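Q: Model the following, please.
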Amino acid sequence: MTRELLSWYKKHKRELPWRNTSDPYKIWVSEIILQQTQIKTGINYYLKFIKSFPNIESLSKATDLEILNMWKGLGYYNRALNMLKSAKIIMTQNMGVFPSKYSELIKLKGVGPYTAAAISSICREEKKAVVDGNVYRVLSRVYNISEAINSVQGKKVFQHLADKLIPSKKPGIYNQAIMDFGSTHCTKHQPKCHDCVLKKRCIS
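A: Prediction:
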């Protein structure tokens, strides 16, 4: 399954502005924006944000009002304020070096297991599997898993499976592949089952 997903991704991956960098700061910005935002909306906000605050130092010097104005229209404004707080902490406690290790990223305000896994796998090649809505959907269908994704047992089941599937080589590419596959191919409504690289092994 892992090999087939990587092969699919090589042909069908979306060209997104944050995929042209391994800078953990820029990946962090994209992940925070996309937490509650669709990609097509998030792209413009990402480009605008990076243009105004190209690095952690410039972000740390911003005011609450500047950040909130930049965030206008995205909602969930705590995301933006948490980013500003994290930027100031990184400048004072980490000499302005944005962390890329999972164990350090998970300590930042507004960063949970998914975001920390995404950044560390993409920027540092840490073998940390992401589990978001797209990953839940792909795995639940391929393996016909009935546990509820919002239950304690369900979260354990899906995370365990995701951890088993992620390869040691290029885990960041794999994480992006399975998320893209769920977002554009194994979609919530009308999935493209007739033209699916996983249809021979998909139990559902």
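
Q: Strands along this protein, start to end?
A: Using DSSP state E, the chain contains no strands.

Q: Quick one: low-confidence residue ranges for it.
A: For the chain, no stretch has pLDDT under 70.

Q: Which helix in it has the most residues?
A: Longest helix of the chain, by residue count under DSSP state H: helix 78-93.

Q: Report the separation between Leu139 and Val157.
A: 9 Å (C-beta to C-beta, to the nearest Å). For every residue, glycine as well, the C-beta is placed using N, CA and C.

Q: what sits in contact with each of these two?
A: Listed contacts common to Leu139 and Val157 are Ile145; contacts here mean C-beta atoms under 8 Å, 6 or more residues apart in numbering.

Q: Neighbour count: these two, which is higher?
A: Each of Leu139 and Val157 has its neighbours counted (other C-beta atoms under 10 Å); Leu139 has more, 23 against 19.

Q: Can you name the residues that contact that one?
A: Applying C-beta under 8 Å, 6+ apart to Leu139 gives the contacts Ile145, Phe158, Leu161, Ala162.

Q: give me that answer again for 6 Å
A: Phe158, Leu161 (C-beta atoms under 6 Å, 6 or more residues apart in numbering).

Q: quick one: it from Thr21, how far?
A: Counting by C-beta to C-beta, the gap from Leu139 to Thr21 is 28 Å.

Q: mind listing the helices for this structure?
A: 2-12, 24-34, 39-52, 56-60, 64-71, 78-93, 102-105, 113-124, 133-142, 152-165, 171-184.

Q: hmm, who's touching the second one?
A: Outside of helix 24-34, the residues within contact range by C-beta under 6 Å, 6+ apart are 18, 42, 45-46, 49, 56, 79, 83, 98, 100, 115, 118-119, 122-123.

Q: Can I get the helices of the chain in CSV including distance to Leu198?
A: Shown next, in CSV, are these (distance: least, C-beta to C-beta, whole Å):
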stretch, distance to Leu198
helix 2-12, 6
helix 24-34, 24
helix 39-52, 22
helix 56-60, 39
helix 64-71, 37
helix 78-93, 33
helix 102-105, 28
helix 113-124, 21
helix 133-142, 6
helix 152-165, 12
helix 171-184, 8
